[in-house]
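Q: sharing a model that was predicted from the sequence below.
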There are 2 protein chains.
Amino acid sequence: MSRRVVVIGGVALGTKAACRVKRIDPTTHVTLIDKDDYISYGGCGIPYYVSGDVADHTALQSTAYHMVRNEEFFKTIKGFEALVTGTLVTRIDREAKVVWAKGKDGVEKSYPYDKLVIGAGSRTRDLGISGQDLANIHAVGNLEDAMEIKKLVAAGQVEKAVIVGAGFIGLEMAEALADMWGIETSVVEIGDQIMPGFVGPQMAHMAQRSMEENEVNFYLGETVKGFEGDEGAVQRVITDKRTLEADLVIMAVGIQPNGELAREAGLEVGPTGGIVVNERLETSDPDIYAGGDCIELNHAVSGKPGVYPLGSLANRQGRVIGTNMAGGSATTEAPVGSFVVKLFDKSLAGSGLTLKGAEAAGFDAISVSMCQLDRAHFYPEKELMFLELVVEKATKRVLGIQGFAGSGDAMVGRINAVAATLKYKPTILDISNLEFAYSPPFSSAMDIVNSLANVADNAVDGLLHSIPLATFEGLWEEGDCVFIDCRERPDSTPFCEKFPGKWNSIPQGEIKHRLDEVPKDKLVVLVCNTGVRSFEAQINLREMGITNTVSVQGGMATLKTWGSKVTQ
Amino acid sequence: MSRRVVVIGGVALGTKAACRVKRIDPTTHVTLIDKDDYISYGGCGIPYYVSGDVADHTALQSTAYHMVRNEEFFKTIKGFEALVTGTLVTRIDREAKVVWAKGKDGVEKSYPYDKLVIGAGSRTRDLGISGQDLANIHAVGNLEDAMEIKKLVAAGQVEKAVIVGAGFIGLEMAEALADMWGIETSVVEIGDQIMPGFVGPQMAHMAQRSMEENEVNFYLGETVKGFEGDEGAVQRVITDKRTLEADLVIMAVGIQPNGELAREAGLEVGPTGGIVVNERLETSDPDIYAGGDCIELNHAVSGKPGVYPLGSLANRQGRVIGTNMAGGSATTEAPVGSFVVKLFDKSLAGSGLTLKGAEAAGFDAISVSMCQLDRAHFYPEKELMFLELVVEKATKRVLGIQGFAGSGDAMVGRINAVAATLKYKPTILDISNLEFAYSPPFSSAMDIVNSLANVADNAVDGLLHSIPLATFEGLWEEGDCVFIDCRERPDSTPFCEKFPGKWNSIPQGEIKHRLDEVPKDKLVVLVCNTGVRSFEAQINLREMGITNTVSVQGGMATLKTWGSKVTQ
């Protein structure tokens, strides 16, 4: 008798697992059950559908060759035996190897399985905020949500939108609403930076600033206390600090894995609420697989459990499950947590741990940041790229990298390259030697990643004493220190004129001969354009016995992007 | 007494080594000697200087912060004690630890060293072709050459140019001349494809075709026999098959490392003519370092000796030498041979071994190729990307990857990511699990690299039987076979009408029900748009007992870019 496979959930993981098992063993009998009517859509594309970049929701449901992945498609092309949509799975009976599910008519039916796949996904966390059930408050959980949001904005009914949460979905939705629909958009975030957990404060600050330049307002460190509206629809968002008008609210407060069904069936569920699986993606019951947003995975670098709601992982996991159900032996790997988000004409990406994440995982770590042009400086088209590297001090092990740039592909490519090595526990030396394909239209002879590793090496070895921008800003506001601009005079002159006495110019090439102008009794803050010459000046001064210096990471180019008061 | 460092050669490697040792130990006494007047320029930028993309040669000599790296710069800013240009090193006396060099005045002087750096570079191979000394025949060896070429083209004196050699320099110069100056440009290559040794025939063919669309002519498999000109300047290039008119000839026939000085000093020189070094970049004399184009390195994957004339490697090697001369212990790694070349609006890149290279290195290998959109198919901006993966059959070890695409950064980023893993001897599984930062504006949920690894896995496991495009073309011309287009009817109809009887349409979803239309007695060639549905059809047919099928790698999209007769 042919193997009966039941799949719960048909967005990314479930359909992929089902297609794969069918591809390897076409005799498999496949039943796919989903609580929604729309299945197999690119959920990550929702912000682009709402913005209008993607005109029609069927595009999110289509294959690359323009076939809509509907019931017909999965039955005819993929050969699924049964496709049961609009039907909620209520219980897994592991003893009887049967799944119970209730359709819209309220009738409960049973579906016997030999192998079961749980791709139950996740849901937006329910914060229980007063008024959250008012109309026009939406999560971005599925295609139905997206269609409702788009209907509202396309009807011109939205003038002011508030987004709760400054993670991926929140920021992508902010861009969608502000950019394409011209809606006055505000983001309220409980943390003290955007993308908390994903990038450090410096990258977050630069990205936030670039979004502010695109008319998105941010309220950080604020908690939403309630929603109000007079006629059943939201009109106001009440935070602990202010009231914001809003005729649309997007709840992007993070997700929670749908692990309940598994937990009730006695399967192991971890501290995150996600289902525990092994590398074959088997749950604690070897006849039941799970993958996608509803499982918990241990991070490759920190070892800590986490949930990774990414369509890319779900697709790869689905393939592994399909192979294993067909008798194969495929495995997944611990995720390194690579991510990228497009924010208007900028991009923010990363992989591995942030400095804060590294510290939380028990590493004694530092991070260094730098900026450099993304191609040969003499090549006509080029842009600044900002990278931050996180390393363990004692071992020089590289723990993570984050980046911010205009030219997204070039920056993301570098993040991906470092990410590819993370499972091998690379050291600074490995990254310093990492070979990037070189040609002036694509990179500098000394690639920014190699340079970044060298900066980290200098910092760990105590050759470089540098400060991040937030420290610079604090010193600028009220530090007992002297600022020395190591750039050539034409670049430093305007600043010297604007801040007489406070901002001093000594080009790096002259510093050894102008030692009497360098104070010995207070902190000397060395600045140049990107941090290279200020580092060199620091070495020149140390050689002369002057060690009371710090070099500003990333220099004026970074301060400018960061929005320092010095550059305004 | 301070350490005396003498550096021979001041383009990339030499200046970097000198700057680094100075940075770590400023008491070092540095003497840099170069045979040319211009030093420390970005040699890789020469084609962009010739094209006019880079207006002035001083840009190639400048730092990212617009300082010209001239004698003044190295003395004042970098603190070199002596900079001796226009001076040829004639002999290294290792016994006396002295370098002898002859200036333009013919006077020979000696320079004592404690540590010596050989960064003697490379030169264009001398093929001894008759007439090669005629005027307007130029190699692209140094900045002087570049300035002469640019003077000629900028003066409007060149109508027809012939480039000998279709490697990096040859193709970049072809673009420079054809694109920016509108010169009728032909490339003569002795091998049967462009970029021999760097990419396989399929990628080479696609790249050549894209350059032909930009008005560059190619003559492959032709040997230049001589140059002729009536008044001392070249006018004709004589190959074994034709005569080409030319008032400018660029010799881009590959380089030869300048290892003679080292060999004469009794240092070990390898089979390539490059100086042999260890991972600390010490020659067989531990007081003498060498790096850049004049050394020989063993390839990380093949283990075979080779020469890697890349500014990127030279820069990193220079840093290592500088560190070691200052008493540190830095090391380099075996190169994986990553490269990229921009060809008009397309890019060609790779890392590791080609299929031919793998076979030459003794691997029993196969390669698979595929094409896929570089971003989510529903995202408005996207382009096709073509990748080829080379794997060892028995171990499934990944040996190399090559790519061709319009969106260079996205493709190069993927090559770099796979390249970053090559030293860890990755298997197909490692690449299948490689984590790429995912978001619709940057990639597909199933990244092309992951898909490519899966295709390779299917091919090695015998699940997929596919053919490369050249094989398809042969079958199309004179194969005893039937072609079945597995795409939906609207896509296949025009081809069925154009090739009645020869080209048949059976959409993949229908194939299981139309078995009687599939011949059992001859080869069935399955084609779709990118190779996904034809693979699926192959599985459908195998399930029904029909195994006389092959699937066309990369499908119609690749055939079109490749320039197949079917698509014309």
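A: It's in.

Q: residue in chain A with the shortest distance to chain B?
A: Proximity of chain A to chain B (CB to the nearest CB) peaks at A:Gly413, 2.0 Å away. The C-beta positions use only the backbone N, C-alpha and C, and glycine is treated the same way.

Q: sec struct for that residue, please.
A: Assigned state for A:Gly413: helix (three-state reduction, DSSP: H, G, I helix; E, B strand; the rest coil).

Q: hmm, it is touching B:Val412, no?
A: Yes: counting by CB atoms under 8 Å, B:Val412 is a contact partner of A:Gly413 at 6.1 Å.

Q: before we move on, the earlier item: residues in contact with the closest residue to the residue of chain A closest to chain B other than its chain neighbours?
A: Ranked by CB to CB, 6 or more residues apart in numbering or on different chains and with sequence neighbours excluded, the top spatial neighbour of A:Gly413 is B:Gly413, at 2.0 Å. Residues in contact with B:Gly413 (CB atoms under 8 Å, 6 or more residues apart in numbering or on different chains) are A:Asp409, A:Ala410, A:Val412, A:Gly413, A:Arg414, A:Asn416, A:Ala417.

Q: check the gap between B:Gly413 and A:Ala419 for me.
A: 11 Å (CB to CB, to the nearest Å).

Q: equivalent analysis for A:Ala361, please.
A: 17 Å.

Q: looking at these two, which one has more neighbours?
A: Ranked by neighbour count (other CB atoms under 10 Å in any protein chain shown), A:Ala361 and A:Ala419 place A:Ala419 first, with 28 against 15.

Q: how near is the spatially most central residue of chain A to A:Gln256?
A: Here the mean C-alpha position of chain A is nearest to the C-alpha of A:Phe339 (CA atoms, centre = their mean), at a distance of 4.3 Å. From A:Phe339 across to A:Gln256, the span is 19 Å (CB to CB).

Q: just give me the neighbour total for A:Lys423.
A: Neighbours around A:Lys423, by other CB under 10 Å: 19.

Q: so who does it touch?
A: Contacts of A:Lys423 by CB under 8 Å, 6+ apart are A:Ala300, A:Glu333, A:Ala334, A:Val336.

Q: lowest average confidence, helix or strand, in chain A?
A: Lowest by mean pLDDT, DSSP states H and E among the helices and strands of chain A is helix A:71-76, with a mean of 81.

Q: can you tell me if it touches chain B.
A: Yes: interface with chain B: helix A:71-76 contributes A:Thr76 (CB under 8 Å from any CB of the partner chain).

Q: what's that helix in contact with?
A: Residues from elsewhere that reach helix A:71-76 (CB under 8 Å, 6+ apart): A:Thr15, A:Ala18, A:Leu32, A:Ile39, A:Ser40, A:Met67, A:Phe80, A:Leu83, A:Thr85, B:Gly509.

Q: and the helix or strand A:Lys22 falls within, what does it pack against?
A: Using DSSP states H and E, A:Lys22 sits in helix A:13-24. Under the contact criterion of 3 or more CB pairs under 8 Å, 6 or more residues apart in numbering or on different chains; DSSP states H and E, helix A:13-24 touches strand A:4-8, strand A:29-33, strand A:115-118, helix A:311-325.

Q: same for the longest one, what does it pack against?
A: With contacts defined as 3+ CB pairs under 8 Å, 6+ apart, the secondary structure elements packing on helix A:311-325 are helix A:13-24, strand A:115-118, strand A:288-290.

Q: okay, the ones you listed in a markdown table with mean neighbour count and mean pLDDT next?
A: Below are the helices and strands packed on helix A:311-325 laid out as a markdown table (neighbours: other CB atoms under 10 Å in any protein chain shown; pLDDT from 0 to 100):
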| stretch | mean neighbour count | mean pLDDT |
| --- | --- | --- |
| helix A:13-24 | 27 | 91 |
| strand A:115-118 | 28 | 98 |
| strand A:288-290 | 29 | 98 |
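
Q: B:Glu296 is nearest to which of these?
A: helix A:13-24 (46.6 Å; CB to CB).

Q: where does pLDDT dip in the stretch 401-550 of chain A?
A: For the stretch 401-550 of chain A, no stretch has pLDDT under 70.

Q: contact residues of the stretch 251-400 of chain A facing chain B?
A: A:310-316, A:319, A:330-333, A:335-336, A:338-342, A:347, A:349-351, A:372-373, A:376-380.

Q: report the buried members of these.
A: Buried by 16 or more other CB atoms under 10 Å in any protein chain shown: A:310-316, A:319, A:330, A:332-333, A:335-336, A:338-342, A:347, A:349-351, A:372-373, A:376-379, out of these.

Q: ok, and what's touching the helix holding A:Lys22?
A: For helix A:13-24, the surrounding residues in contact (CB under 8 Å, 6+ apart) are A:5, A:7-8, A:10, A:28, A:30, A:32, A:34, A:39-40, A:69, A:74, A:78-80, A:117, A:119, A:121, A:289, A:291-293, A:314-315, A:317-319, A:321-323, A:325-326, A:328, B:463, B:536, B:539.

Q: using ChimeraX, define a selection of the buried residues within the residues you listed.
A: Applied in ChimeraX, the following selects the buried portion of the contacts of helix A:13-24 according to 16+ other CB under 10 Å:
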select /A:5,7,8,10,28,30,32,34,39,40,69,74,78,79,80,117,119,121,289,291,292,293,314,315,317,318,319,321,322,323,325,326 /B:463,536,539
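
Q: how much space between A:Ser407 and A:Thr28?
A: For A:Ser407, the distance to A:Thr28 (CB to CB) stands at 45 Å.

Q: let me fix that: A:Asn136
A: Counting by CB to CB, the separation of A:Asn136 from A:Thr28 is 44 Å.

Q: for A:Leu355, same thing?
A: Separation of A:Leu355 from A:Thr28 (CB to CB): 47 Å.

Q: hmm, back to that, what's across from the residue nearest to the centre of chain A in the sheet?
A: As for beta bridges, A:Phe339 partners with A:Gly350 under DSSP bridges.

Q: so it sits against B:Phe436, correct?
A: No: between A:Phe339 and B:Phe436 there is no contact, the gap being 10.2 Å when judged by CB under 8 Å.

Q: how many residues are close by A:Asn548?
A: Around A:Asn548 there are 15 residues (other CB under 10 Å).

Q: got the contact list for it?
A: Applying CB under 8 Å, 6+ apart, the residues near A:Asn548 are A:Pro519, A:Lys520, A:Asp521, A:Lys522, A:Leu523, A:Val524.

Q: can I get the residues you listed in a markdown table including secondary structure?
A: Output for those, formatted as a markdown table (three-state DSSP):
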| residue | secondary structure |
| --- | --- |
| A:Pro519 | coil |
| A:Lys520 | coil |
| A:Asp521 | coil |
| A:Lys522 | coil |
| A:Leu523 | strand |
| A:Val524 | strand |
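
Q: could you list which of these also contact chain B?
A: By CB under 8 Å from any CB, no member of these lies near chain B.

Q: centre of the chain to stretch A:189-202, how far?
A: Its chain's C-alpha centre and that of stretch A:189-202 lie 11 Å apart, by CA atoms, centre = their mean, to the nearest Å.

Q: cool, and stretch A:490-503?
A: Counting by CA atoms, centre = their mean, stretch A:490-503 is centred 38 Å from the centre of its parent chain.

Q: tell me which strands and helices whichever strand or helix holds A:Phe472 is in contact with?
A: Secondary structure assigned from DSSP H and E places A:Phe472 in helix A:469-478. When contacts are defined as 3+ CB pairs under 8 Å, 6+ apart, helix A:469-478 sits against helix A:201-212, strand A:523-527, helix A:555-562.
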